[in-house]
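In: need coordinates for the following:
(3 chains)
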Amino acid sequence: MRRWIAHLDMDAFFASVELLRYPELRGQPVVVGGGSRHPPLVQPDGTRRFARLRDYAGRGVATTATYEARAFGVHSGIGLMKAAALAPDAVLLPTDFDEYKRMSRLFKQAVLEHVAQIDDRGIDEIYFELTDLPGAQDAVGDDPHGGVRAIAARIQQAVQAATGLSCSIGLSPNKLLSKICSDLEKPRGLTVITEADIAARIWPLPAKRINGIGPKANAKLDSLGLRTIGDLAAADPQGLIERFGRSYGSWLTEAAHGRDDRPLSYSRDPKSISRETTFERDLHAKHDREELGALFTRLCERLADDLKRKGVVAKSVGVKLRQDDFRIVTRELTMDRYTADAAVIRRHAGLCLKRMPLERRFRLLGVRAGHLLAADQAAEMPAGQEEGQLALPF
DNA sequence: TCTGGGGTCCTAGGACCC
DNA sequence: TCTGGGGTCCTAGGACCC
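Out: The predicted structure is shown next:
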């Protein structure tokens, strides 16, 4: 019996959700990102007026772009100011995470009508197993894998019916290959591969298409002349281990040959919850003390709200800064009890802050709660009696 | 037109305990 | 006083992912 793992990825998810609301934008370059200060205005004649990328000023990035905008070179993660230089007339829409989360639940529910469990990888993608479904092992006509293909096609239709959105599915014997092949025929792709197809369909692809090879590893591979997955597969495994370490080096060889035995994971307890914000301009601990103090308190309050809403308490608290040179500095401490209280979090985060280098200006401030436990399993720490007794940087 | 916000996992050194 | 080895926890940084 052949093992079939599916990877389902929503097509240009955030942008597609926005197009459901604003169908008049279909066919146009649209970029989603950059805070919420640029919602469409409804004009007296009932039509909507949208912000254009050229009018944007700030530090936001694109979270998604429609395929039309991608044609200009605008992709997710790109700075909006840079995107505006590439496509000044593209429509800019604010990010509405609540709506994307709602649509995310809808598509996952639709898939769960067809399979018992999903491995949830975030807001717009999931894995699931089709191996044991009726017909999954059957050939259809001259297609030896027509059975699973038909099942996946039905799931695609179910997602479309439930959400009005399209998705792409990759089918293969493992997560690694399915993830790669869900991307091969986007949008509305349905791509099936087996071990026999690896040389022809996987090896020609750039090495960075492997989930787990990021910018750093890719640059290092590139400097070794290893550009494609095929190059990696042909490389001396011992040499990779020498350059990348035993663990990562041997994984590179396995991945390049399409070997991956990770099980699907059907439940996950959150390990940490965090809140962070990037300022409109770089701030300094001393010169902007008041502004930072208020921001810091606000972050701790929002974090405490998140903890309470999720019914968890935290044993550790951490603070993160991104300095003006983009270096990230973190400090973390373990508390003597669990808490979800904003004042307690703020006090311990303040202690972290005192240990941080604060000479430089910085652009981002974040607070993180770790070592989480379900609230009903932990006795909560009494709330901040020591408030205000410590001289904190801000 | 420099680069968001929310996560996970890994590594590695030092403290501390047996 | 000195010699160990093993195990766990804490902390900081970094790579990577969506």
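
In: which regions of the stretch 51-200 of chain A sit below the pLDDT cut-off?
Out: Across the stretch 51-200 of chain A, nothing is flagged by pLDDT under 70.

In: could I get the full set of helices for it?
Out: A:67-70, A:80-86, A:97-112, A:146-163, A:175-181 (DSSP state H, counting those that start in this stretch).

In: of those helices, which is nearest A:A304?
Out: helix A:97-112 (19.5 Å; C-beta to C-beta). Quick note: C-beta positions are derived from backbone N, CA and C, even for glycine.

In: mind putting the helices of the stretch 51-200 of chain A into JSON lines with mean neighbour count?
Out: Listed next are the helices of the stretch 51-200 of chain A as JSON lines, based on neighbours: other C-beta atoms under 10 Å:
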{"stretch": "helix A:67-70", "mean neighbour count": "20"}
{"stretch": "helix A:80-86", "mean neighbour count": "18"}
{"stretch": "helix A:97-112", "mean neighbour count": "16"}
{"stretch": "helix A:146-163", "mean neighbour count": "18"}
{"stretch": "helix A:175-181", "mean neighbour count": "24"}
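
In: could you dump the ones you listed into a markdown table with distance to DNA strand C added?
Out: What follows is those, written out as a markdown table (distance: least, C-beta to the nearest atom of the strand, whole Å):
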| stretch | distance to DNA strand C |
| --- | --- |
| helix A:67-70 | 16 |
| helix A:80-86 | 16 |
| helix A:97-112 | 9 |
| helix A:146-163 | 15 |
| helix A:175-181 | 6 |
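
In: what's the longest helix in chain A?
Out: As assigned by DSSP state H, the longest helix anywhere in chain A is helix A:289-310.

In: so for it, mean pLDDT?
Out: The pLDDT scores in helix A:289-310 average 97.

In: helices or strands up against it?
Out: Here helix A:289-310 touches strand A:272-283, helix A:342-354, strand A:362-374, going by 3 or more C-beta pairs under 8 Å, 6 or more residues apart in numbering; DSSP states H and E.

In: got the residues of chain A near DNA strand B?
Out: A:54, A:59-61, A:63, A:76-77, A:79, A:81-82, A:84-86, A:122, A:245, A:247-248, A:268, A:270-278, A:306, A:326, A:363-364, A:366, A:368 (C-beta under 7 Å from any atom of the strand).

In: mind running it again at 6 Å?
Out: A:59-61, A:63, A:77, A:79, A:81-82, A:84-85, A:247, A:270-278, A:326, A:364 (C-beta under 6 Å from any atom of the strand).

In: mind listing what A:A255 touches?
Out: Applying C-beta atoms under 8 Å, 6 or more residues apart in numbering to A:A255 gives the contacts A:176, A:210, A:212-213, A:229, A:232.

In: got the phi and psi for the closest residue to A:L372 other than its chain neighbours?
Out: Sequence neighbours aside, A:V312 is the residue nearest to A:L372 in space, at 4.5 Å (criterion: C-beta to C-beta, 6 or more residues apart in numbering). Main-chain torsions, A:V312, degrees, to the nearest 10: phi -130, psi 160.

In: ok, how many other residues are close to A:V312?
Out: By the criterion of other C-beta atoms under 10 Å, A:V312 has 21 neighbours.
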